[in-house]
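Undergrad: From the sequence below, what's the structure:
(one chain, ligands or ions: 1)
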Amino acid sequence: MALESKPEEFPFIEPSALRRAVVVCHRNADADAYLSAYALSRLIESLAPRCHVSIATPGGMTTLTQRLSSRFPHDIADESVGGYDLYVAVDVGDEELLNEWRGKLMESKGVKVLVDHHPRRDGGLYDHSVVNEGATSAAEVVYGIFERLNATPDPQTAQALLDAILFDSSHLAIAGRSGLQAAVRLMDAGADIAQARRELRSEPDYGEVIAKLKGAQRLSIFKAGEWVVATSHIGSFQAHVARSMVYLGADLAMVSGETDGETRVSLRSTQRFQESTMVKLGSQVAEEMARRLGGHGGGHATAASFSAPAGEEETVQATMKLFGELIGELKKLD
Ligand SMILES: [Mn+2]
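TA: Predicted coordinates:
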C-alpha cells in the first residue's frame with residue numbers, strides 16, 4: 001500500500017512524524033474491538049513504516065478474543081510505558097471502559113483519536129473522532145477509513161474486519177447497507193465468509209450441553225390460557241437450561257436446583273410474553289419470591305433468578321402459585 005493521508009484525515013498527524021502509536025480497546029476486549037484495533041494497527045504501519053504500533057487491551061480480553069488474537073497476532077502494549085505520539089481508542093463507547101488508559105490519554109500530549117460506532121459521550125478526551133452511530137460494528141467504521149484513504153486491506157486484515165463485522169452484527173442479521181457493502185468489499189479484498197463463521201464459532205462447554213439435555217429430559221409442560229410454561233430441575237447451569245427452553249418455544253421457563261439446603265431458580269420468558277402479560281420476572285417474580293421465602297433475587301423483565309433457604313419442592317410450588325396469580329391457572333399437560 002502506497003498511501004498518503006491529509007492532516008484532516010486519519011490519523012490526523014503527519015505519518016512521517018509518527019514513531020510510537022497505540023490503539024486502545026475497551027476493557028475486556030471483544031472481537032469487534034480487538035480486530036478493529038488489529039486492522040487500524042496494520043493501517044498505521046502501512047501509512048508510517050517507521051512507526052511502532054501496539055494494541056492495548058485494558059483488563060484483558062474475552063475467551064473468543066484470546067483465540068482470535070493468536071490467529072491475528074499483534075504486539076500488545078506494555079501498560080507501564082507511556083509517551084505515544086498517537087492514541088487511537090476504538091469501539092470504546094464510554095471513556096470509563098478505557099480503565100487506566102483514560103488517565104494516560106488525559107495526561108498525554110499525543111494526538112488522541114476516537115474510532116467508534118457507539119453514541120459519542122463527549123468528555124473532551126479526544127482531539128479527533130471518526131464515529132458512525134449507524135454502523136453495527138466498529139470494524140465497519142474502520143473499513144470506512146480504509147476506503148477514504150483509498151487503501152485496500154491485505155487479505156489477513158480484510159479477514160479480521162469481516163470476522164469483526166459478523167461478530168457485532170449477529171452474523172449480518174442486523175447489518176445495514178454499509179455493513180453489507182463492507183462485507184462484500186472485504187471478500188473482494190480476499191476475506192472468506194465461511195472462514196469468518198468458523199473462526200467465530202465457540203468450543204462447546206460439555207457441562208452446559210449435558211445440563212441442557214438433562215433439563216430437556218426432565219421437562220414438565222403447563223398451559224395457562226394460551227401461554228406455554230415449561231419447568232425443569234438441574235444441579236447447575238439453571239439459567240442456560242431456562243434459556244434453551246425458551247429457544248424450544250416455551251413462553252415462560254422456570255428451572256430449579258437445590259444445593260446445601262438452598263434452592264436456586266432461574267426464570268426466562270419471551271419478549272412477546274412480557275409485552276402481552278406485562279409480567280416483569282425480575283421485580284414481580286424473583287424479588288417477590290425472595291421476599292416471600294426469605295431469600296434474595298432480582299433481574300430483568302424477561303430474565304431473572306432468585307435463591308431461597310427452602311426445599312426445592314416447596315420453592316417450586318410457591319413459584320407456580322405466584323405464576324397462577326399473575327397469568328391464570330396452570331394446567332399440567334401429560
Ligand atoms: Mn462494537
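
Undergrad: What segments of the stretch 51-200 of the chain are strands?
TA: For the stretch 51-200 of the chain, applying DSSP state E, counting those that start in this stretch gives strands covering 52-56, 86-90, 111-116, 128-131.

Undergrad: Does the shortest one reach the ion?
TA: No. Legend: contact between strand 128-131 and the ion by C-beta under 5 Å from the ion is lacking; minimum distance shown is 12.0 Å. Where you see a C-beta, it was placed from the backbone N, CA and C, and this is true even at glycine.

Undergrad: The chain against the ion: which residues are in contact?
TA: With C-beta under 5 Å from the ion as the criterion, the chain meets the ion at residues 32, 91, 138, 168.

Undergrad: Could you identify which of these has the most neighbours?
TA: Neighbour tally across the residues of the chain next to the ion (other C-beta atoms under 10 Å): the maximum, 33 neighbours, falls on residue 138.

Undergrad: quick one: that one and residue 36 touch, right?
TA: Yes. Under the criterion of C-beta atoms under 8 Å, residue 138 makes contact with residue 36 at 4.3 Å.

Undergrad: if I look at the two, which residues touch both of them?
TA: Shared contacts of residue 138 and residue 36 (C-beta atoms under 8 Å, 6 or more residues apart in numbering): 90-91, 115, 164.

Undergrad: rewinding a little: can you say which of the strands of the stretch 51-200 of the chain is packed in most?
TA: Most buried of the strands of the stretch 51-200 of the chain, by mean neighbour count (mean count of other C-beta atoms under 10 Å): strand 86-90, with a mean of 27.

Undergrad: Do you have the helices of the stretch 101-250 of the chain handy? List them.
TA: Secondary structure of the stretch 101-250 of the chain by DSSP state H, counting those that start in this stretch: the helices cover 101-107, 138-148, 155-168, 177-188, 193-200, 206-217, 238-247.

Undergrad: Which among these is found nearest to residue 47?
TA: Nearest of the helices of the stretch 101-250 of the chain to residue 47, taken as C-beta to C-beta: helix 138-148 at 10.6 Å.

Undergrad: What residues of that closest one count as buried?
TA: The neighbour-count check on helix 138-148 (16 or more other C-beta atoms under 10 Å) flags 138-146 as buried.

Undergrad: on that earlier part again, which of the residues of the chain next to the ion lies closest to residue 26?
TA: Closest approach to residue 26 among the residues of the chain next to the ion (C-beta to C-beta): residue 91, at 5.7 Å.

Undergrad: So that closest one is in contact with residue 27, correct?
TA: No. Judged on C-beta under 8 Å, residue 91 makes no contact with residue 27 at a distance of 10.9 Å.

Undergrad: what sits against the residue in the stretch 151-300 of the chain positioned nearest to the ion?
TA: Among all residues of the stretch 151-300 of the chain, residue 168 sits closest to the ion, at 4.6 Å; criterion: C-beta to the ion. Counting by C-beta under 8 Å, 6+ apart, residue 168 makes contact with 30-32, 136-139.
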